[in-house]
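Chemist: Kindly return the folded structure for what I paste below:
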Amino acid sequence: MKCRRFSTMSSISTIWGIDMLHHLLVVASQVGILFALMAVGALSRKFKIMDEPSVKGMVNILVLIVTPCLIMDVFQRPFEVALLGQLALAAAIVVALHAVLIAAAHWIVPGKSLRRTSVLKLSMVLSNAGFMGIPLEQAVFGAEGVFFGVVYVAVFNLVIWSWGYRTMRGHQHAADGRGGTNWRVMLVNPGTVGLALGLPLFLSSYTLPPVFRQPVGMLADLNTPLAMLIIGYYLAGMRVKPVLRDPGAYLAAFVRLVAAPLVFMGVLWCLRSWLDPVMALALITAACAPSAAMTTMFAAQYHRDVDLSVGLASGTTLLSIITMPLLIALAMSLFPV
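Modeler: Here you go, the predicted model:
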């Protein structure tokens, strides 16, 4: 009897291991494709095909045009009450995740040097869910993955323009009297505009006429190549020394790439009976993305440690070629579609 039980458990472990390996190969191949596109961006910088002004123009096109079009495109689907409930649940879960991460960051990163600690906190809490998460969700889980992934991006925008903005500005808002939250940008940004345009399409099950839908779809398809070229361009100019010299950077990278995604995955697994598997996988993909590039923009604007910010964003992006396939493959085994 014991031998039969051991044989059964061994068979289950073998099947699970094979399943995990299959998922790992699938995700690793997609991540490899994304990093190949990044390599093109890096080479374009080396050979001066792309320069700073042209990349800034590409960023504006990606953020202001492509992102709203992508959201509108994935929201053009028949309305389902259950799906709307999953969207609301996804938003609540992502808000709770960021609240926990913010509390953990304030506890883990002590010190009074706002120039350094503000960068570490934002790098730890905020993932590059838009530039890295959405392309990978699109590649592995298709339009349904992006459908749920944009919820994470919408919450990200609310968090970065409230808590992130206030954390980076520090006491500056008291000096200039402007307050600690940029309400206008927090509520009106490409993510919320895309949701404002796309959600009514979903709620009404309305499909745009081909003369509008096809251009929207074609612009949405630019999301992955544009994002990867931009990331590759900035990776080619990364500075490693500031990160290697700062012990806090190692901790921030570990929390962002390993600890936070694993804890989040565990919580979602406990809630699995209430969750759509694709929703869980999309949220986990966004949660295990590297540090947000927006941290560098804030660091430059408010005279924080820009070198540390650039190093963390670049370093975690490079490390994510290992961590993201492993974590997403594990999630795919825990949440079979």
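Chemist: May I see the buried residues of the helix or strand that contains residue 115?
Modeler: Residue 115 belongs to helix 114-125 when assigned by DSSP states H and E. For helix 114-125, the neighbour count (16 or more other CB atoms under 10 Å) marks 114, 116-125 as buried. For the C-beta atoms, the positions are set from N, CA and C on the backbone; glycine is no exception.
Chemist: same deal with stretch 246-254?
Modeler: 246, 248-249, 252-253.
Chemist: of all those, which comes closest to residue 184?
Modeler: Set against residue 184, the nearest of those by CB to CB is residue 252 (29.3 Å).
Chemist: Now the helix or strand containing that closest one: average pLDDT?
Modeler: If you go by DSSP H and E, residue 252 is part of helix 247-254. Average pLDDT, helix 247-254: 92.
Chemist: What is the subsequent helix or strand relative to it?
Modeler: Using DSSP H and E, the helix or strand that follows helix 247-254 in sequence is helix 260-270.
Chemist: Alpha carbons of whichever helix or strand comes after that following helix, as PDB, please.
Modeler: Per DSSP H and E, the first helix or strand lying C-terminal to helix 260-270 is helix 277-287. What follows is helix 277-287, C-alpha atoms only, in PDB (Å, rounded to 0.1, in the frame of the first residue of the first chain):
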ATOM      1  CA  PRO A 277      -6.800  31.800 -14.200                       C
ATOM      2  CA  VAL A 278      -5.800  34.200 -17.000                       C
ATOM      3  CA  MET A 279      -6.500  37.200 -14.700                       C
ATOM      4  CA  ALA A 280      -4.200  35.700 -12.000                       C
ATOM      5  CA  LEU A 281      -1.500  35.000 -14.500                       C
ATOM      6  CA  ALA A 282      -1.700  38.500 -16.000                       C
ATOM      7  CA  LEU A 283      -1.500  40.200 -12.600                       C
ATOM      8  CA  ILE A 284       1.400  37.900 -11.600                       C
ATOM      9  CA  THR A 285       3.200  38.800 -14.900                       C
ATOM     10  CA  ALA A 286       2.800  42.500 -14.100                       C
ATOM     11  CA  ALA A 287       3.900  42.100 -10.500                       C
END
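Chemist: Going forward, the N-terminal residue is numbered 36.
Modeler: Yes, from this point I'll number from 36; that puts the last item at helix 312-322.
Chemist: Going by contacts, tell me the helices and strands next to helix 312-322.
Modeler: Counting contacts by 3 or more CB pairs under 8 Å, 6 or more residues apart in numbering; DSSP states H and E, helix 312-322 packs against helix 116-143, helix 169-194, helix 295-305, helix 341-369.
Chemist: Which helix or strand in this structure has the lowest average pLDDT?
Modeler: helix 207-211 (a mean of 49; mean pLDDT, DSSP states H and E).
Chemist: just checking, next helix/strand downstream of it?
Modeler: Next along the chain after helix 207-211, taking DSSP H and E as the criterion, comes helix 218-222.
Chemist: And for that following helix, what's in contact with it?
Modeler: 192-193, 196-197, 200 (CB atoms under 8 Å, 6 or more residues apart in numbering).
Chemist: Nearest to residue 358 among those?
Modeler: Nearest to residue 358 among the contacts of helix 218-222: residue 192, at 24.0 Å, using CB to CB.
Chemist: Surely that closest one and residue 228 touch.
Modeler: No - using CB atoms under 8 Å, residue 192 is not in contact with residue 228; the gap is 10.3 Å.
Chemist: More neighbours: these two, which one.
Modeler: Taking other CB atoms under 10 Å, residue 192 and residue 228 do not tie; residue 192 has more neighbours (23 against 15).
Chemist: Quick one: work out the angle between whichever helix or strand residue 248 is part of and helix 169-194.
Modeler: Following DSSP H and E, one finds residue 248 within helix 245-255. Angle, helix 245-255 to helix 169-194, by axes from the mean of the first three to the mean of the last three CA atoms, to 10 degrees: 90 degrees.
Chemist: Dump helix 245-255 to PDB, restricted to CA.
Modeler: C-alpha atoms of helix 245-255 as PDB (Å, rounded to 0.1, in the frame of the first residue of the first chain):
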ATOM      1  CA  PRO A 245     -13.700  48.800 -39.500                       C
ATOM      2  CA  VAL A 246     -12.600  52.200 -40.700                       C
ATOM      3  CA  PHE A 247     -11.800  53.000 -37.000                       C
ATOM      4  CA  ARG A 248     -11.200  49.600 -35.500                       C
ATOM      5  CA  GLN A 249      -8.400  48.600 -38.000                       C
ATOM      6  CA  PRO A 250      -6.300  51.700 -37.400                       C
ATOM      7  CA  VAL A 251      -6.800  51.300 -33.600                       C
ATOM      8  CA  GLY A 252      -5.700  47.700 -33.900                       C
ATOM      9  CA  MET A 253      -2.600  48.500 -36.100                       C
ATOM     10  CA  LEU A 254      -1.500  51.200 -33.600                       C
ATOM     11  CA  ALA A 255      -2.100  48.700 -30.700                       C
END
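Chemist: got the buried residues for it?
Modeler: Using 16+ other CB under 10 Å as the test for burial, helix 245-255 gives 251-252, 254-255.
Chemist: of those, closest to residue 164?
Modeler: Among the buried residues of helix 245-255, residue 255 lies closest to residue 164 (CB to CB), at 16.7 Å.
Chemist: which ones are touching that closest one?
Modeler: Counting by CB under 8 Å, 6+ apart, residue 255 touches 101, 104-105, 107-109.
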